[in-house]
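*Asks:* give me coordinates for this.
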Amino acid sequence: MVSGDLWSVIRHFDYLVVVDVLAVSWLIYRLLLLAKGTRAWQIAGGLVIFFTAVFVSDRLHLYALNWLLRQAFPLGPVAIVILFLPELRHALEEFGRPGFWGRSLGLMASEGLDRMIDAVVVAVSTMSVKRVGALIVFERETGLEDIVATGTIINADVSADLIGTLFYKGSPLHDGAIVIREGKIIAAGCTLPLTASPRVEAAVHTRHKAALGMSEDSDAVVVVVSEETGIISIAFGGKLIRGLSEDALRERLNALLQVGTPRSALGGTPLGQMATRVGSAIRSVRPARPSRTRDRARR
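*Replies:* Sure thing, here's the model as predicted:
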C-alpha cells in the first residue's frame, strides 16, 4: 500500500517545478556573485532597515512615523532603479561575458596569495629605490567596479615586471592606480577619490590623499610609493602607515588581505597625528637598499 502511494506521488510529480526552483536558485546565486562586495550590499542593507522601521513603527503604533515612512512607497520602484542603476548596467554587461558564468564565490588560495604578495613587494621595493610613484589597490569585500571603469582593463596575472612596466614614467598609465582582484591586475590608470577629511594637511601629497580616500570609501588595501622620497606607505580603514620596509610591507599585506580582517586592523597613526609628522618624515626617511629577495627576483 505504501509503495503504491509512493508510486502515485512520483507519477503525478511535476518535474518542471524542480527545474523552476533550480533555475531561480542559480539566478540568485549568480546575482549574489555579481553584487558581492559592491555598494549594492550597503543599499540593500539600507532598504532592509527602512522596511524594518516601517514594520516596527506600525507594531508600536507610532502613527506619525509610520505615515511619514509610507509616503516613500509610491516612489519606491523609481528610487530602486535609480539607486541600483550602475549595478543593473553592470549586470547586463556581465551576463554577456562567458567568463562570468564560470566564476565562483571561492577565495584566493593561500599559495596564490603568497605569490601575489611577493610579486607586489618586489615591485614596490624596486620602485621605492628608483623613486617611481605608484598606487596599488587590493580589492577585498567591497567591489571596485566604479574605480575599474575609470581605467584601462588589463586582466593579467600579477608580476613584478608588469607592475614596474605599468608605473614606468614613460607609460601612459603610470599616473593612475592599478586594481588587483583575486591575483589579477584588473585595470590600470584608474582614478581614486581623494580623502575629504579636514584633518589631512597640505603636507600629505595627492597619491596619499587618494589612498586615504579609497580606504575611507571601501575596505580596500592601498599601497603607495612616493615619487619624491620613495617612502612606502599602506592605507586601510582611513589610516595610513608610512616608511614601511620590505619585510614590514609583506607582513602588513599578509595580515590585511586575509578574509574578515576588520577595518580597524591597520593600527596606524590617526590622521590628526599623521598629518603633523609628514613633513619631518619626508625629510628624514630614506628608502631601504634592495634586499636579497629583490636580487633573486631579478636573476
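
*Asks:* the helices in the stretch 101-250 of the chain, which residues?
*Replies:* 110-130, 145-148, 160-166, 206-217, 246-256 (DSSP state H, counting those that start in this stretch).

*Asks:* so which of the ones you listed is the most surrounded?
*Replies:* Highest mean neighbour count among the helices of the stretch 101-250 of the chain (mean count of other C-beta atoms under 10 Å): helix 206-217, with a mean of 22. (Glycine included, C-beta is placed from N, CA and C.)

*Asks:* per-domain residue ranges of the protein.
*Replies:* 2-102, 110-298 (automatic domain parsing).

*Asks:* would you map the strands across the protein?
*Replies:* 134-138, 152-157, 177-181, 184-190, 221-225, 232-236, 239-241 (DSSP state E).

*Asks:* including mean neighbour count, distance to Ala248 and mean pLDDT, could the ones you listed go into CSV?
*Replies:* Converted to CSV, those look like this (neighbours: other C-beta atoms under 10 Å; distance: least, C-beta to C-beta, whole Å; pLDDT from 0 to 100):
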stretch, mean neighbour count, distance to Ala248, mean pLDDT
strand 134-138, 25, 16, 94
strand 152-157, 13, 25, 92
strand 177-181, 26, 19, 93
strand 184-190, 21, 23, 93
strand 221-225, 26, 12, 94
strand 232-236, 26, 8, 93
strand 239-241, 22, 8, 88
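
*Asks:* rank the domains of the chain by pLDDT, which is bottom?
*Replies:* Per-stretch mean pLDDT for these is lowest at domain 2-102 (a mean of 75).

*Asks:* how about the backbone phi and psi for the residue nearest to Gly112 when sequence neighbours are not counted?
*Replies:* Nearest residue to Gly112 in three dimensions, chain neighbours excluded: Gly183, at 5.1 Å (C-beta to C-beta, 6 or more residues apart in numbering). Note on Gly183: backbone dihedrals following degrees, to the nearest 10 are phi 80, psi 10.
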